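In: this one's sequence-less:
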């Protein structure tokens, strides 16, 4: 395991620990750029108008059309939220959790991960959970007028085959934007992780499945510090070229700030990536997740990952805290006038049974406030 790089702030031009050399393509570029990498650059592109209103924001060099009023919330609680929890929940509770989220209006749901049970024991029942949801979706397809995306994460071709045999028709592949996380999470190199994700994505497309490409550590890495933006752009374009409908630019340890969001999105747009090809996956370690969403909305991004109750973190990333809570995201989006199709009180109630089973208090400030208000009323 590489030496941990202390996280005292995403822009600190601090020296690396003795013996810890920059890894991968970031090394040469950091040497050219100086002590503070590209991530320290100021906001890029013109300021956009009309954020969060019914009028469409100005996009920075993006050619894809985006909704003027609709935002997709991709709910990751049943997968990303539960995989790092110390307790293993029953299959029935997981299925009920998913069904409650769908009943609340969620249309894009991450239900399971087809990784080896030894690595993530919380996902050992992926076939049972994903299979039950796939069967339900097939039996009700088109009856309520909603297009459902029930997605499962697949690490490789074996995981893809397991998912397809279960009835899964939407998958997520994943790669790393840094060498250190690729070694810690996937036992490979940065490019090795991208190549494997691309291979899996192409195979999934050949089988008729839709694919999302997740790119981890796009803003800060616990071993390497700030991440060079060109590595993010390079990996993102490769994932899209392999058949991924979207690349999910991920702040895996929650250190990103609005300036980094602006800069990374601007670079992606300059490379020809459209706004509708990008989603954001945010953690809230530094309390900046909602500010980062607002910044991304102004840039034209219309899809964000979130986890009911703030469940989850990355089990392979030291320092990572919970995902952006879906309740908190919905409170802000609805307040700004964006449509999501999700009922906030129903969504907040969907994770109640999970919280009780785990013996935890919700990490969502909005859910806690709604609960207090209901109790006092």
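Out: Good, I have the coordinates. As the structure is a computational prediction, the values presented were derived from the model and not from experiment.

In: Please look at residue 231 and residue 193 and confirm they touch.
Out: No - using CB atoms under 8 Å, residue 231 is not in contact with residue 193, being 11.7 Å away. All C-beta spots, glycine's among them, are computed from the backbone N, C-alpha and C.

In: higher neighbour count, those two?
Out: residue 193 (27 against 24; other CB atoms under 10 Å).

In: Could you pull up the contacting residues of that one?
Out: Going by CB atoms under 8 Å, 6 or more residues apart in numbering, residue 193 touches 174, 175, 176, 182, 185, 186.

In: would you say it is within a strand?
Out: No - checked against DSSP: H, G, I helix; E, B strand; the rest coil, residue 193 lies outside a strand; its state is helix.

In: pLDDT at it, what is it?
Out: At residue 193, the pLDDT value in this model is 98.

In: just the one 3 residues further on next, same as before
Out: The pLDDT attached to residue 196 in the predicted structure is 98.

In: State the distance from residue 118 to residue 124.
Out: The gap separating residue 118 from residue 124 is 9 Å, by CB to CB, to the nearest Å.

In: Show me the helices in the protein, by range?
Out: 26-33, 91-103, 126-140, 157-166, 179-186, 190-206, 229-241, 258-270, 289-299, 326-336, 344-350, 352-358, 365-376 (DSSP state H).

In: Any chance of those in TSV with distance to residue 80 as columns?
Out: As requested, these are exported to TSV (distance: least, CB to CB, whole Å):
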stretch	distance to residue 80
helix 26-33	25
helix 91-103	13
helix 126-140	13
helix 157-166	16
helix 179-186	13
helix 190-206	17
helix 229-241	18
helix 258-270	20
helix 289-299	14
helix 326-336	12
helix 344-350	15
helix 352-358	13
helix 365-376	18
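
In: Which of those sits closest to residue 213?
Out: helix 229-241 (3.5 Å; CB to CB).

In: buried set for the closest one?
Out: With burial defined by 16 or more other CB atoms under 10 Å, the residues of helix 229-241 counted as buried are 229, 230, 231, 232, 233, 234, 235, 236, 237, 238, 239, 240.

In: Is it correct that residue 218 is in contact with residue 265?
Out: No - in terms of CB under 8 Å, residue 218 does not count as a neighbour of residue 265; the distance is 10.6 Å.

In: what touches both of these two?
Out: residue 249.

In: coming back round to it: ok, residue 118 and residue 124, which is more surrounded?
Out: Ranked by neighbour count (other CB under 10 Å), residue 118 and residue 124 place residue 124 first, with 16 against 7.

In: Identify the bridge partners of the residue positioned nearest the centre of the chain.
Out: Here the mean C-alpha position of the chain is nearest to the C-alpha of residue 281 (CA atoms, centre = their mean), at a distance of 2.8 Å. Beta-bridge pairing of residue 281 under DSSP bridges involves residue 250, residue 305.
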